[in-house]
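*Asks:* Turn this into a structure:
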Amino acid sequence: MIENALTKKNFALKKKITIKAAISVGVVALAVLLPQLVHLALGQSGGVQWLPMYLPVLLGGCLLGFWWGLGIGLTAPVVSFLVSSIWGSAMPAAARLPFMMVELAVFAAISGLFTQRISENGWMAFPAVLLAAVCGRAVFMLSVVIFQSITPFTPALIWNQIQTGLLGILLQAVLVPFIVMGLKKLLESDKNE
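*Replies:* Just a heads-up that it's a prediction; the model follows:
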């Protein structure tokens, strides 16, 4: 979506990359800050229920596309882990980090596949987010099943976490598309002035 807006304004490639990199940094920063705030307000169980890192990652995919989204999905949990480790409480935990990197990469990449369609019709953000959520959670479960002999996670534990996070996923399936549509409208109104 952002690519289309920048192309319509005839931005040079270097300027497009700079803008998309700045947006990516902002999205990753939000993906670090939002979980900290949720955990501060609601504790660890709040993070499992509301999945606060997923919202910025889904936004990044919808706005920036597959490749930038993939980068955001891989980077956000690593940056969060490194920053929160400095404070003494790593989020996500080291054992969960590789699984979360894969899961969020899928979230952002799948939602990023829809970016062209979203730029044409903002309502396409709804199926983008829903498909990304289903695929991301499925990949998370599948990776735990594959690596259960070397991880502290069991499929039953992860299935419980997926069920606990259903409300958070549903909330994001509504919030993210409306945020994307609002940004789309803002970009289009700026274009007409």
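*Asks:* In contact with the most centrally placed residue in the chain: list those residues for me.
*Replies:* Closest residue to the average C-alpha location of the chain: Val57 at 1.6 Å, with C-alpha atoms, centre = their mean. Residues counted as contacts of Val57 (C-beta atoms under 8 Å, 6 or more residues apart in numbering) are Val27, Ala31, Gly69, Ile72, Gly73, Ala76, Leu104, Phe107, Ala108. (Glycine included, C-beta is placed from N, CA and C.)
*Asks:* what's the closest of the residues you listed to Leu171?
*Replies:* Set against Leu171, the nearest of the contacts of Val57 by C-beta to C-beta is Phe107 (14.6 Å).
*Asks:* sorry, back to before: model confidence over the helix or strand hosting the residue nearest to the centre of the chain, on average?
*Replies:* Using DSSP states H and E, Val57 sits within helix 54-64. Average pLDDT, helix 54-64: 97.
*Asks:* Could you do stretch 103-115 as well?
*Replies:* Mean predicted confidence for stretch 103-115 is 97.
*Asks:* Contacts for it, please.
*Replies:* Contacts of stretch 103-115 (C-beta under 8 Å, 6+ apart): 1-4, 53-54, 57-58, 60-70, 72-74, 76-77, 124-125, 127-129, 131-133, 135-137, 139-140, 143, 176.
*Asks:* do the same with stretch 163-180
*Replies:* 1, 45, 48-52, 54-55, 58-59, 62-63, 111, 118, 122-123, 125-126, 128-130, 133, 137.
*Asks:* in that stretch, what's buried?
*Replies:* Of all the residues in stretch 163-180, those buried under the rule 16 or more other C-beta atoms under 10 Å are Gly165, Gly168, Ile169, Gln172, Ala173, Val176, Pro177, Ile179, Val180.
*Asks:* What is the nearest of those to Pro155?
*Replies:* For the buried residues of stretch 163-180, the nearest to Pro155 is Gly165 (15.3 Å; C-beta to C-beta).
*Asks:* now the angle between helix 54-64 and the helix or strand hosting Ala31, please.
*Replies:* Taking DSSP H and E as the criterion, Ala31 maps to helix 13-50. In terms of direction (axes from the mean of the first three to the mean of the last three C-alpha atoms, to 10 degrees), helix 13-50 departs from helix 54-64 by 150 degrees.
*Asks:* Fine, thanks again, bye for now.
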